[in-house]
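> Fold the following and give me the result.
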Amino acid sequence: MRETAQTIALTVNDIPVTVAPGATVAAAILIAGEPTRRSATGEPRGPLCGMGICFECRATIDGIAHQRSCQILCTTGMKVRTG
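Now for the predicted structure:
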């Protein structure tokens with residue numbers, strides 16, 4: 001996807017994603033169709049509370065692991081890895 005004046009371009013697991021300004025990384029992960037992480041038994045996990053308390057939305061953002069994706073706004077060129 002291509003960034004415009006009203007969108008932000010980033011990647012989630014090397015998948016190009018564009019979002020509106022003000023969108024959280026959790027929203028970008030959802031748009032990419034990726035789980036935010038896997039449980040110890042391999043089950044896909046995603047945001048649960050949406051306010052940073054449950055830690056189910058953790059992702060690696062720009063190389064920093066265990067970031068709460070529901071609390072971080074997307075920025076241009078951001079690289080997100082889920083696991």
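> quick one: which helix or strand includes residue 30?
Under the criterion of DSSP states H and E, residue 30 resides in helix 25-32.
> Mind giving me the packing neighbours of that helix?
Taking 3 or more Cβ pairs under 8 Å, 6 or more residues apart in numbering; DSSP states H and E as the contact definition, the neighbouring helices and strands of helix 25-32 are strand 8-12, strand 15-19, strand 58-61, strand 79-81. (Glycine included, C-beta is placed from N, CA and C.)
> What are the neighbouring residues in contact with residue 25?
The neighbourhood of residue 25, defined by Cβ atoms under 8 Å, 6 or more residues apart in numbering, consists of 59, 61, 67, 69-70, 72-74, 78, 80.
> What would I type in PyMOL if I wanted to highlight the buried members of those and nothing else?
To isolate the buried subset of those in PyMOL, counting by 16 or more other Cβ atoms under 10 Å, use the following:
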select buried, resi 59+61+67+69+70+72+74+78+80
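> neighbouring strands for the least confident helix or strand in the chain by mean pLDDT, and are they parallel or not?
The helix or strand of the chain with the lowest confidence, counting by mean pLDDT, DSSP states H and E, is strand 37-38 at a mean of 79. Take DSSP bridges as the rule and strand 37-38 pairs in its sheet with strand 44-45 (antiparallel).
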